[in-house]
Structures are given as C-alpha cells and as structure tokens.
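*Asks:* Below: sequence and its predicted model.
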Amino acid sequence: MEEPLGRAVAYTGKVVSERFDAYLNQHDSSVPTWLVLKHVGNEDGLSQRELAGRIGIEGPTLVRHLDRMEAEGLVARRRDDHDRRIVRISLTTNGRRRHAHLIEVVSKLDAQLRALLTEREVQVLERALRRIREEWFPEATPERSMHVRAGR
C-alpha cells in the first residue's frame, strides 16, 4: 500500500522546514528572525498584533522574538502616535542589512529546491499546494503553516 498522501506532504514539509531552519542557522539567523524581518521589511510600522497575525504566532511568543531582535539591534519598537496601547515595529539600519542578506540566502535555498524539479513540476506543485491550503485552511499563509508545523 502506498503512503497516504497527507503523510507524504506532511513529512516533506517537515524535511523542507528543517532544511530551511538549518540553512538560516548557518547564516546566524532563524525562521522567526527571517519572518519578522521579511514582514516588517515589506511593511514598516506594523503593530505587534498585526505582525503576530501575519506570522501566525501568539503575541507573547512574538514579544520574546522581538526582545531578542531588539537586543541584537535589528528592530526598534515605538508607541503609536495616536493610540499609545499599540506598539509599532520598524527595522533598524542593521535590520535592513540583515533582511537584504537573508533575501539572498533564502533565494539560494529556493533555487536549490526548485532545481530538484522541472519548471512544469514546480507549477503543478504550487497549484496543488495552494488548492489544498485554500480548501482545508483558507486563513493560513505559507509562513503560518510552516510555523504551526514546526511547533514555533
């Protein structure tokens, strides 16, 4: 009997996630750091709540990551000018530099993964994965799915 498709997808996701995390670790980074830098780099001034939602983690978990990243000089937090209860996140100069470096790192890993497949296989795989996500978990983003799976 063939392995159930769900198990094959889940196991492959785990393997890819572990490879991604190990590759980022070689560059003194992690999946949470990448995700924060990616989202804040694309949309400066996100609130902590917005950022936690985009990444798919709980607020207290995000605060721990932000504490560490602020200590490393990668992000800055400031109170919202109109609502002091809201904390906004921005990248520092070092954070923008690290983000630019990690874009290159992630692009190289993505190229390695894509090189395992033909262009047609990549297109079919992307469509199939998108369809599964949309049908079974429409509110999920790829980052959220990876984070939930990795137990972060």
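*Replies:* Perfect, I can see it now.
*Asks:* C-alpha from now on. contacts and neighbour counts both.
*Replies:* OK.
*Asks:* is it fair to say R49 lies in a strand?
*Replies:* No. Judged by DSSP: H, G, I helix; E, B strand; the rest coil, R49 forms no part of a strand; its state is helix.
*Asks:* Name all residues that make contact with it.
*Replies:* G59 (Cα atoms under 8 Å, 6 or more residues apart in numbering).
*Asks:* ok, it to Y23 distance?
*Replies:* 28 Å (Cα to Cα, to the nearest Å).
*Asks:* Name the SS class of R78, please.
*Replies:* R78 - assigned by three-state DSSP - is strand.
*Asks:* Test my guess that it contacts R84.
*Replies:* No. If you go by Cα atoms under 8 Å, R78 and R84 don't touch, sitting 9.1 Å apart.
*Asks:* Comparing those two, which shows the higher neighbour count?
*Replies:* R78 (13 against 10; other Cα atoms under 10 Å).
*Asks:* how about that one, what does it touch?
*Replies:* V87, R88, I89.
*Asks:* now V105
*Replies:* V105 is in contact with L24, H27, counting by Cα under 8 Å, 6+ apart.
*Asks:* so it, which of the three states?
*Replies:* helix.
*Asks:* residue ranges of the strands in this protein, please?
*Replies:* In the chain, the strands defined using DSSP state E lie at 46-47, 75-79, 87-91.
*Asks:* got the angle between the second one and strand 87-91?
*Replies:* What that stands for is strand 75-79. 150 degrees (axes from the mean of the first three to the mean of the last three Cα atoms, to 10 degrees).
*Asks:* Given strand 75-79, what are its sheet partners and their directions?
*Replies:* Here strand 75-79 is paired, per DSSP bridges, with strand 87-91 (antiparallel).
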